[in-house]
Structure formats: C-alpha cells, structure tokens
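> compute the structure for the input listed below.
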Amino acid sequence: MLRATLLGTAVLLTLSGCARISESRFNPFNWFGNSTEAAVIDPSERRPLVPEGRRQVALDGRILVQSIISLSVDRAPSGAIVRAVGVAETQGFFNAQLVSRGVENGVLTLEFRAQRPTRLEVPGTTRSRQISAAYVIDSVDLSGIRTVRVQAATNARTSGR
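Numbers count the residues shown, from 1 in each chain. I've put the predicted structure just below:
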C-alpha cells in the first residue's frame, strides 16, 4: 500500500512538472517556434538569381508560388529541415523548391518557387492548389541562423528561435 502511494505521488509530481517543460527550450517541439506572417520584400530589393561576374548562367523559369500557408523548422541529425506549404495560382504547378537567397543578419531567406504548367490551367480549390517543399540546413550553417524566412509572391512566413 505504501509503495502504491509513493508511486502515485511520484507520478503526480512528474506530470505537474510537464506543464513547465512544455513551454521551455527543453521541449524539442519548441525549438524554432511557430511561424508568423511577415511583410513581402519588394521585388526591386531582392538579390539576383545569378551573382554578378558568374560566367556560366543558368536561368530558373520557375515563379514564386502565390502564398505560403505553413512553415515549420524541425531538427534533424545533420542540422534542420525547413518544410513549407504554399498555394499556387492554379492546379498543376510542379518542380517546387525552396531556393536560398542567402543569410543576412542571422536571417536565412528562402523563395518558394514552382514551375507553371504548360497545358490547360484549372483554378480549382485552395486545397487542390497546395504544394509543398523542403530545404535542408546543415549544422555548420545552422549555427549562424536565428530566423528562417520563406517568401512567396503575396506573403512571407518566418520562424525564429
């Protein structure tokens, strides 16, 4: 009987401590935090896709998706994985990718780009136009990053730690 009482007390004390840990940095789900809506960067202020002085030029025909609806940054053994879900203008967009624009003042900026369909474009519902992409940040680069920003045509989302 005494063991059961002691065990019950220990379990209750452990569970009451969980409320404090759930909001702390010890909880792995709080690592980067929830994403928030951010202001859109003016197209004239965006860095070019091809740096000046580069001899070999590769043109990216993909465009920015219409909007970002979710963003998460999760820990990985090699660093972190950035996952974003965007909404394209129409159904059929493909070849989605989060393209790095570099790190400035601890902010990693990624553009969510996708290839426009070449055939008939159907508007469809918002859910049918959703497209997702991921980006891997290695642990060396992650040490200098405090905020991840994903840019779309009409909005952006950020997640910071």
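
> got any ranges where the chain has weak pLDDT?
Filtered on pLDDT under 70, the chain yields the residue ranges 1-2, 4, 6, 8, 10-33, 43-58.

> so what touches stretch 83-96?
Contacts of stretch 83-96 from elsewhere in the structure, counted by Cβ atoms under 8 Å, 6 or more residues apart in numbering, are 62, 65-74, 98, 110, 112-117, 119, 121-124, 126, 128-134, 150, 152, 157. (Each C-beta comes from the backbone N, C-alpha and C, glycine too.)

> which residue ranges make up each domain of the protein?
Using automatic domain parsing, the domain ranges for the chain come out as 1-30, 32-160.

> in the protein, which spans are helices?
2-22, 139-142 (DSSP state H).

> that older thread, now list the buried members of the contacts of stretch 83-96.
Restricting the contacts of stretch 83-96 to buried positions leaves 62, 65-69, 71-73, 98, 110, 112-115, 129-131, 133, 150, 152, 157, with burial counted as 16 or more other Cβ atoms under 10 Å.

> among the residues you listed, name the ones in strands.
Judged by DSSP state E, the buried ones among the contacts of stretch 83-96 include 67-69, 71-73, 98, 110, 112-115, 130-131, 133, 150, 157 as members of strands.

> can you get me a residue count around the closest residue to residue 72 other than its chain neighbours?
Nearest in space to residue 72, with sequence neighbours left out and distances taken as Cβ to Cβ, 6 or more residues apart in numbering, is residue 83 at 5.0 Å. The burial metric for residue 83, expressed as a neighbour count using other Cβ atoms under 10 Å, is 15.

> quick check: residue 83 vs residue 157, distance?
Counting by Cβ to Cβ, to the nearest Å, the gap from residue 83 to residue 157 is 11 Å.
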